[in-house]
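1. any chance you could fold what I've pasted below:
(one chain, ligands or ions: 2)
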Amino acid sequence: MSDITLSQHQLGWKPYFQQQLTIDELTDYAVARVIEQHRSHLIVMSDLGYQQISYTPNVERICVGDWLLIDENSRVVRVLERQSLFERKAPGTKVDTQLIAANIDTVMIVCSLNHDFKLSRIERYMVIANEAEVEPVIVLTKADLCEDVTQYQTQVQALDPLLMVIVVNATDPQSVQQLAPFCQTGKTVAFMGSSGVGKSTLVNSLLGSQAMATGAIREDDSKGKHTTTHRAIKLLPQGGILMDTPGMRELQLSSSEHGVNETFNEISTLASQCRFNNCSHQSEPGCAVLAAIDSGELSQRRMDSYKKLMREQAFNSATLAEKRSKDKALGKMINTTQLASRRFKKGS
Ligand SMILES: Nc1nc2c(ncn2[C@@H]2O[C@H](COP(=O)(O)OP(=O)(O)OP(=O)(O)O)[C@@H](O)[C@H]2O)c(=O)[nH]1
Ligand SMILES: [Zn+2]
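-> Ligands and ions are numbered 1, 2, ... in the order given. Alright, predicted model coming up:
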């Protein structure tokens, strides 16, 4: 089916997955990584190459990036526990969330150094990354068009002293090599960021001349016709894997209290020092958050951003819960109808 095969290690196999397998499973089954998802089949890749596998989306919740255990009849035995997962709120569907991509190691949050630059936007993406349990790296593009790079860089670094902040000219492959340490063999990376910030440019600069070789792979479709499809994963010349699923671009903030708290961990730490443990940080005496704002230790902008994102995720999770209870009611109705029709058939 294809011309390249990757070793398990190249595909991102790690001790984390290995330790989930029993000895019997190791001998009886094969492991493969999902690299493409279609309506009724998956394309998976193992050290033996590509394979097409049929599955039932409503029964098996599987997405690109997942590691699967597969039996000799090419059937899914089970999905291995994920190290990380991006999900999306999916309005109008039966399931509450749509799985976007699993087991990504690093997500590059791309933001351009022009009039579009917004700290709050970076914070929003960081919440999404932290909620997914994926390490965020901030990539500031269009440095060549910016007069005061250092000033922006300092602002971003102030969000978190441990955050990786990289400044590039995305059109210059040499500058983009700064991302190489995150793209080594065994690593899975993805890009996130608004339209026009330079994601495609970055990817092209990373891929260099190999873009054509890895971008499209010929495949036999079910009717035996050759089709060229856009692969959701690309092998990077640095050895790692780029996961480029369309859903990543439309990720929204859904239920992510954990992600907000992790992104704004200095505020969570302060909040734990407030006199009342249900402090709303508005006017209460002994509020450590307000005291930190007064003293200048915490910026008002940071606090406002925290509150806004907390409200937004709470609102989105509330609507999810509401939907869930509606679905339950619908489920009950279906069950009673089925029951009724069964009784009818039995003639009782
Ligand atoms: N000078 C300069 N131009 C850049 C840089 N990064 C991106 N551009 C330009 O900005 C424009 C948009 O870049 P894209 O890579 O298409 O942006 P994108 O994030 O992929 O956008 P979407 O596909 O809409 O999500 C292109 O014309 C790029 O050449 C940079 O660092 N420096
Ligand atoms: Zn407080």
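2. can I see the domain layout of this structure?
-> 15-99, 101-250, 257-346 (automatic domain parsing).
3. looking at those, which one is packed in the most?
-> Greatest average neighbour count among the domains of the chain goes to domain 101-250 (a mean of 18), per mean count of other Cβ atoms under 10 Å. Where C-beta positions appear, they are placed from N, C-alpha and C, glycine not excepted.
4. that domain - what's its average pLDDT?
-> On average, the pLDDT along domain 101-250 is 86.
5. which stretches of the stretch 201-348 of the chain form strands?
-> 216-220, 226-230, 233-235, 241-243 (DSSP state E, counting those that start in this stretch).
6. can you tell me the SS state at Arg124?
-> With DSSP: H, G, I helix; E, B strand; the rest coil as the basis, Arg124 sits in helix.
7. so what's whichever residue of the chain sits closest to ligand 1 up against?
-> The chain approaches ligand 1 most closely through Gly198 (2.8 Å), counting by Cβ to the nearest ligand atom. Gly198 makes contacts with 110, 112, 141-142, 170-171, as judged by Cβ atoms under 8 Å, 6 or more residues apart in numbering.
8. turn those residues into TSV, columns for distance to ligand 2 and secondary structure.
-> Shown next, in TSV, are these (distance: Cβ to the ion, whole Å; DSSP: H, G, I helix; E, B strand; the rest coil):
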residue	distance to ligand 2	secondary structure
Val110	34	strand
Ser112	36	strand
Thr141	37	strand
Lys142	39	coil
Ala170	41	coil
Thr171	46	coil
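9. what residues does the protein have near ligand 1?
-> Along the chain, the residues adjacent to ligand 1 under the rule Cβ under 6 Å from any ligand atom are 141-142, 144-145, 169-171, 193, 195-201, 249.
10. show me where the stretch 151-300 of the chain has helices.
-> 173-176, 199-207, 211-215, 257-263, 265-271, 288-295, 300-346 (DSSP state H, counting those that start in this stretch).
11. worst mean pLDDT among those helices?
-> Taking the mean pLDDT of the helices of the stretch 151-300 of the chain, helix 211-215 comes last: a mean of 41.
12. out of the domains of the chain, the one nearest Gln8 is which?
-> Closest approach to Gln8 among the domains of the chain (Cβ to Cβ): domain 15-99, 5.2 Å.
13. I'd say Pro136 and Ile109 touch.
-> Yes: using Cβ atoms under 8 Å, Pro136 is in contact with Ile109, at 5.3 Å.
14. circling back to that earlier point, give me phi/psi at the residue of the chain closest to ligand 1?
-> phi 120, psi 20 (degrees, to the nearest 10).
15. now do Leu163
-> According to degrees, to the nearest 10, Leu163 has phi -70, psi 140.
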